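>>> sequence first, predicted model second:
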Amino acid sequence: MSDNWGRWGADDERGAANLLTPDVVLAAVSSVRQGRVLPLAQPISGSTSGPGAGRVPHLAGRPLPQHFMSVDGGDYAAGARRLQGEIGLSDDALVLSPHGTTTHIDALAHMWRGDALYNGHPADRVRSYGATRCGIDKLGPLVARGVLLDVAAHRGIPHLPADTLVDAALLAEVAGAAEVEPRAGDVVLVRTGWPQVFRGEPARYQDAQPGLDGSGARWLVERDVVAIGSDNAAVGALDPGCTFHGTLDEDVHLLTLWRAGVTLIEMMGLEELSAAVAEGGRADFLFVAAPLPIEGGTASPLTPLAVL
């Protein structure tokens, strides 16, 4: 697999998102047939004073989202008017680390090898002050044709076993059965069903997970996709101990983010989309997502949308 370094110039920090030309976006809009909009994110749930975050799939050891109000009944309400009972005004705060705890999109600065980021940018530009190269603020919005490759549904099971490696042959098989071929400029979503495990066995969820292997990642990158999303924690498969599967040369994050500039969307909520695709018989749709323009961010929380 060849990489995309230099393909869009030496200064490029957007990677495969450059494929989203006006013509590609217009072609993607033709995938809308019903006008039905489905959210593809898991909820951000939690409070400094409650156990809510524990109900949402997350990886152990990662800081859970903290969503709180400092005064019950409404923060910073309008002074005397609040005292008189005329109006109320609520305000809140949210503190989160997206990696491992929320639906999010990885920036190209999230992973690198040696001393270079994607496209040869120096890795020493990623420090505590943020990523001054390849940060999430450089990506911009994604409006593309979306394709669901529902591996769990293809196999007729609620979720894949933990040791399932979604390889190139399996992706091709699922795409063929769905009568859809990933093409340049697509966002491809791979459903494993793994979040269902968290409801009854959180510890099992936080260990080995099914996902792409290196050949599966290469298969998608070779088709010039813009981004790859999944409902597991890392898009790629996780071995026991919650470690990335394969050698460094087979690592899904390095094959996509680092070599190809293809972004990853992790911890998605794909159950409603899976049901809708099964009902409608069409696995393609319009995909819309806009990361927060966090200057120097290595990721952004995200609410992707599928427009059927």
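Looks like it arrived, so ask away.
>>> surely residue 100 and residue 233 touch.
Yes. Counting by Cβ atoms under 8 Å, residue 100 does reach residue 233; the two are 6.3 Å apart. C-beta: built from backbone N, CA, C; applies to glycine.
>>> residues that sit against both of these two, list them.
59, 267 (Cβ atoms under 8 Å, 6 or more residues apart in numbering).
>>> hey, which helix or strand in this structure has the poorest pLDDT?
When the helices and strands of the chain are scored by mean pLDDT, DSSP states H and E, helix 79-83 comes last with a mean of 50.
>>> that helix: what's the following helix or strand?
strand 93-95 (DSSP states H and E).
>>> could I get the full set of helices for this protein?
Listed in chain order, the helices of the chain (DSSP state H) span 22-29, 79-83, 151-154, 168-178, 195-200, 202-205, 214-221, 252-253, 259-260, 271-280.
>>> now the weakest link among the ones you listed, please, by mean pLDDT.
Lowest mean pLDDT within the helices of the chain: helix 79-83, a mean of 50.
>>> so how far is residue 284 from residue 230?
17 Å (Cβ to Cβ, to the nearest Å).
>>> same question, residue 296
Residue 296 is 34 Å from residue 284, by Cβ to Cβ.
>>> out of those two, which sits in the busier spot?
Using other Cβ atoms under 10 Å, the more surrounded residue of residue 296 and residue 284 is residue 284, with 24 against 20.
>>> and the more buried one, how far is that from residue 306?
The gap separating residue 284 from residue 306 is 10 Å, by Cβ to Cβ.
>>> what sits in contact with each of those two?
Shared between the contact lists of residue 284 and residue 306 (criterion: Cβ under 8 Å, 6+ apart) are residues residue 146.
>>> next one: phi and psi at the closest residue to residue 124 other than its chain neighbours?
Using Cβ to Cβ, 6 or more residues apart in numbering and skipping the chain neighbours, the partner closest in space to residue 124 is residue 115 (7.0 Å). Here is the backbone geometry of residue 115 (degrees, to the nearest 10): phi -110, psi 20.
>>> okay, now residue 115: neighbour count?
Residues near residue 115, counting by other Cβ under 10 Å, number 9.
>>> got a pLDDT number for the most centrally placed residue in the chain?
With distances taken as Cα atoms, centre = their mean, residue 265 lies nearest the centre of the chain, 1.4 Å away. Looking at residue 265, its pLDDT stands at 98.
>>> if the residue nearest to it when sequence neighbours are not counted is in a bridge, with which residues?
Distances taken as Cβ to Cβ, 6+ apart put residue 229 closest to residue 265, at 3.4 Å, once the chain neighbours are dropped. Beta bridges link residue 229 to residue 189, residue 265, judged by DSSP bridges.
>>> can you check residue 106 too?
Here residue 106, judged by DSSP bridges, has bridge partners residue 299.
>>> ok, now which ones touch it?
Taking Cβ under 8 Å, 6+ apart as the test, what residue 106 contacts is 99, 253, 257, 263, 264, 265, 266, 298, 299.
>>> I figured the fourth one was touching residue 108, is that so?
Same thing as residue 263. Yes. The criterion here is Cβ under 8 Å, and residue 263 meets it with residue 108 at 6.9 Å.
>>> need the overlap of contacts for these two.
Joint contacts of residue 263 and residue 108 (Cβ under 8 Å, 6+ apart) are 15, 139, 257.
>>> give me the distance between the second one and residue 293.
Distance, residue 139 to residue 293, by Cβ to Cβ: 9 Å.
>>> comparing these two, which residue is more hemmed in?
Counted by other Cβ under 10 Å, residue 139 and residue 293 do not tie: residue 139 has more neighbours, with 25 against 14.
>>> correct me, but the more buried one touches residue 290?
No. Judged on Cβ under 8 Å, residue 139 makes no contact with residue 290 at a distance of 9.2 Å.
>>> the biggest strand by length in the chain pairs with which strands?
Across the chain, the longest stretch assigned as strand under DSSP state E is strand 142-150. As defined by DSSP bridges, the strand partners of strand 142-150 come to strand 187-191 (parallel), strand 284-289 (antiparallel).
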